[in-house]
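Enquirer: Need coordinates for the below:
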Amino acid sequence: MMQSRLILVFTMLVLAFSLGGCNKYKTQKKVNNLDKSITSYEIALRWAQHQDAYSYHVYPDGTQPPVDMNRLNEISVTGIDVIEKSIDENQEKAYTKIELNYFNKNEGNLKKLKLEQNWWFSEENNQWFIDGEFPKF
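Expert: Numbers count the residues shown, from 1 in each chain. Down below sits the predicted model:
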């Protein structure tokens, strides 16, 4: 009887530690996924992969904001700096403050655009998205 209880207690402890480890792993995976999403978004903007960058702009209801893709051909992003990044304790929402340096080919001048973006995590897609409009250059 005592041996059965010890086995039961041991099994419960192993299970508790395993679940805690799984939760920590899931948390770290979401944070890493956010970092990868931000980096991929920056790369898409930097290398004029406008459709790829636009694909990150999805509202929680699944719709996307309107954007004039033809106008983006006039823009060349020359630099991106993430000024601030934070994530909520549930790893479901994040906030970034970004500065974009870009060149407007028609105007011939370098400009800076400051963005504040709210990111949200889609469990269904296992991906982070930006809840907001595409940058207005």
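Enquirer: Asn109 touches Phe103, doesn't it?
Expert: Yes. Assessed by CB atoms under 8 Å, Asn109 is found in contact with Phe103 at 7.4 Å. (C-beta placed from N, C-alpha, C; glycine too.)
Enquirer: Which of the two has more residues huddled nearby?
Expert: Phe103 (15 against 8; other CB atoms under 10 Å).
Enquirer: Give me the phi and psi angles of the more buried one.
Expert: When read as degrees, to the nearest 10, the backbone of Phe103 gives phi -120, psi 130.
Enquirer: likewise the one 4 residues further on?
Expert: Dihedral pair for Glu107: phi -90, psi -20, per degrees, to the nearest 10.
Enquirer: start the count at 25, not 1, going forward
Expert: Sure thing, new numbering starts at 25, so read that last one as Glu131.
Enquirer: State the three-state secondary structure for Lys53.
Expert: Secondary structure, DSSP: H, G, I helix; E, B strand; the rest coil: Lys53 is helix.
Enquirer: That one: neighbour count?
Expert: Lys53, neighbours per other CB under 10 Å, totals 12.
Enquirer: Tell me how far it lies from Pro90.
Expert: Using CB to CB, to the nearest Å, we find Lys53 at a distance of 33 Å from Pro90.
Enquirer: Could you look up the SS state of Asn125?
Expert: strand.
Enquirer: That one: what's it in contact with?
Expert: 101-104, 134-136 (CB atoms under 8 Å, 6 or more residues apart in numbering).
Enquirer: Now do the phi/psi pair for the closest residue to Tyr83 other than its chain neighbours.
Expert: Once flanking residues are discounted, Tyr83 sits nearest to Asp155: 5.8 Å by CB to CB, 6 or more residues apart in numbering. The phi and psi values for Asp155, taken as degrees, to the nearest 10, are phi -90, psi 80.
Enquirer: For Trp152, give its distance to Gln141.
Expert: 10 Å.
Enquirer: got it, and Phe153?
Expert: Taken as CB to CB, the span from Phe153 to Gln141 is 10 Å.
Enquirer: again with Glu98
Expert: 22 Å.
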